[in-house]
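>>> prediction below, plus the sequence it came from.
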Amino acid sequence: NTTVYGGSPNFRTDLVLNRMISCAVTTGKVVLTSDGNAYRAPLHIQDLCQAFLTVLRANTHLVHKQIFNIGVDEETLRLKDIAQTVVDTIPGSTIETVPHAAPDARDHYVDFSRFLRRFPDFRYKWRIPNGVREVGRLLEELRFEQGDVDSRKYVRLNQLKYLLDSSKILPNLRWRNKILKAQEVH
């Protein structure tokens with residue numbers, strides 16, 4: 001998959017577009033921590049789910065031993081262009097660049113043509129501006145605040161650190177209580 005974004009029951013701000021939107025909504029700023037020239041190909045979670053369903057429902061001969069990149073060619077953009085779309089869509093927000101920001105070497109420039117050749121009737125329904133508006137509305141409904149952007153509730157790595165630090169999971173990321181209960185049985 002490419003860089004997924006959009007609203008979900010387990011909303012995450014550690015996904016680049018969701019983070020940009022969250023910052024724009026809560027602080028009025030989208031902060032670029034790199035020079036903004038790296039490419040990303042944001043894909044709305046609902047389009048990703050539809051692509052998964054398309055593959056799951058397909059005849060086996062169409063998908064057997066195939067790898068598909070899922071994403072929208074026209075939405076493969078530089079981070080600074082994605083940020084510009086966010087500020088164009090979220091009223092009152094601006095782009096802020098970290099001084100002397102280094103390049104981001106993680107370009108995500110991907111060829112999506114195999115999937116569309118195999119499934120020519122498939123249509124991506126979401127585009128970045130519509131997704132930005134959707135996430136903005138979700139954040140308003142959640143009463144999302146600046147402190148939420150980096151909280152463990154919305155950032156997977158912060159949640160894992162919390163679980164490790166509180167000894168709820170083991171260093172191998174397995175639940176401690178399940179291991180202990182299994183040992184008690186034997």
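Noted; the coordinates are in hand.
>>> okay, and the beta partners of residue 40?
Applying DSSP bridges to residue 40 yields these beta-bridge partners: residue 77.
>>> how about it, what does it touch?
2, 3, 16, 17, 76, 77, 79, 82, 108 (CB atoms under 8 Å, 6 or more residues apart in numbering). To be clear about C-beta, it is placed using only N, CA and C from the backbone, and glycine gets the same treatment.
>>> do you know how far residue 174 is from residue 37?
40 Å (CB to CB, to the nearest Å).
>>> comparing those two, which residue is more hemmed in?
It is residue 37, of residue 174 and residue 37, that has more neighbours when counted by other CB atoms under 10 Å, with 14 against 10.
>>> part of a strand, is that one?
No. Counting by DSSP: H, G, I helix; E, B strand; the rest coil, residue 37 is not part of a strand but coil.
>>> tell me the spacing between the closest residue to it other than its chain neighbours and residue 30.
Using CB to CB, 6 or more residues apart in numbering and skipping the chain neighbours, the partner closest in space to residue 37 is residue 78 (5.4 Å). According to CB to CB, residue 78 stands 13 Å off from residue 30.
>>> quick check: the residue nearest to residue 37 touching residue 42?
No. In this structure residue 78 lies outside contact range of residue 42 using CB atoms under 8 Å: 11.8 Å.
>>> so those two - more neighbours on which side?
Higher neighbour count among residue 78 and residue 42: residue 42, with 28 against 16, using other CB under 10 Å.
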